[in-house]
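Peer 1: can't give you the sequence, but here's the structure:
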C-alpha cells in the first residue's frame, strides 16, 4: 500500500535535544512537515522590504574587491606551499 512505502522514511532532521526526528518524511528533501517547510516567502509589506534589503546587502557583499582578490591569492600561495 502507499503508506507502507513511506513507513521507513523518517525525517533526517535533528530535534533541539539532538535526537533524530521520528516523523515521517513527506517532502522530497527527506524532511517532515515540521522541518521541511514549504516557505511561501514574505507576505507582508514589512517582510517584503526586509527581504529586499537583505538581498541588496548580500549582492553588495558578493562583489569582488581588490583587497578580497589579494587575500584569495595569498591564501592560495600559503596553502600550496604548506601542502607540498
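Peer 2: The structure has been received and is ready for your questions. All figures in this text were calculated on a predicted structure; none of them were measured in a lab.

Peer 1: so for residue 44, what's the pLDDT?
Peer 2: For residue 44, the model assigns a pLDDT of 94.

Peer 1: and it, how far is that from residue 62?
Peer 2: Plainly put, residue 44 is 27 Å away from residue 62 if you go by Cβ to Cβ, to the nearest Å. Using the backbone N, CA and C atoms, a C-beta is placed for each residue, glycine as well.

Peer 1: then residue 37?
Peer 2: Spatial separation of residue 37 from residue 62 under the definition Cβ to Cβ is 25 Å.

Peer 1: the two - which one has more neighbours?
Peer 2: Using other Cβ atoms under 10 Å, the more surrounded residue of residue 37 and residue 62 is residue 37, with 11 against 7.

Peer 1: which residue, other than its chain neighbours, is closest to that one?
Peer 2: When the adjacent residues along the chain are set aside, residue 37 lies closest to residue 31, with 7.5 Å between them (Cβ to Cβ, 6 or more residues apart in numbering).

Peer 1: enumerate every residue touching residue 30.
Peer 2: Contacts here follow Cβ atoms under 8 Å, 6 or more residues apart in numbering; on that basis residue 30 touches 9, 11-12, 36.

Peer 1: what are the buried residues along stretch 22-42?
Peer 2: Within stretch 22-42, the residues that count as buried by 16 or more other Cβ atoms under 10 Å are 23, 25, 31-32, 35-36.
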